[in-house]
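[1] Pasting the sequence and the predicted coordinates here, then a few questions.
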Amino acid sequence: MRLVQLGAVALLVSALAGCSLFATTTSICRDYVSFEGDPAALAEAADLVFVGEVLGDDGVELFNEVDASAYTIRVDEVLKGDVSESELRVISIPDGCTTPGEPADYSRGNQLEVEGKAQFFLSMTGGTWTTFSPFEGATPLGPNDELYWDPAAPSPTPKP
């Protein structure tokens, strides 16, 4: 009986002190549009499309309440949009579900960890360049550095 009373007192003191016996975690999940298999439609939706190369990581930046990875990317050829800089700092959007205060989740891979020349599809988000989505933002070029879509067409179209 004495043990039950001590337990009740401990529970009351804990509640009054603002402590919880049950920890809670909040995750934020976002859905993103997918252009899988259609780089022309992705290019049309993106704010900036260019060919370039990742030069290296550039720390982290708070994005969607998590520390997301940032990279410096060299701009070789702009295919859509306007940019005057030869290098951009780009945030790689983490996977769809994040937990505030936790490191960014790249469980399906960080798309900006691409080697060699690639095509980049970016959005301007709050004054910062970001990948278009967690899964569509960088694609390696094809053989002989070819694109898989025709940026010269009136509306970007897939190549036959």
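    Looks like it came in fine. Keep in mind it's a predicted model, so treat the numbers as computed, not measured. Numbers count the residues shown, from 1 in each chain.

[2] what pLDDT does the one residue sitting closest to the centre of the chain get?
    For the chain, the residue sitting closest to the mean C-alpha position, by C-alpha atoms, centre = their mean, is residue 93 at 0.8 Å. For residue 93, the pLDDT comes out at 89.

[3] Contact partners for it?
    Residue 93 makes contacts with 32, 63, 64, 68, 130, 131, 132, 133, 134, 137, as judged by C-beta atoms under 8 Å, 6 or more residues apart in numbering. Every C-beta, even on glycine, is put in place using the N, C-alpha and C of the backbone.

[4] Which of the residues you listed are buried? Put it as a PyMOL command.
    Here is the PyMOL command that picks out the buried ones among these, judged by 16 or more other C-beta atoms under 10 Å:
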select buried, resi 63+64+68+130+131+132+133+134+137
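
[5] Residue 107: which of the contacts of residue 93 is nearest?
    Nearest to residue 107 out of the contacts of residue 93 is residue 134 (C-beta to C-beta; 9.9 Å).

[6] Quick check: that closest one touching residue 104?
    No. Between residue 134 and residue 104 there is no contact, the gap being 9.5 Å when judged by C-beta atoms under 8 Å.
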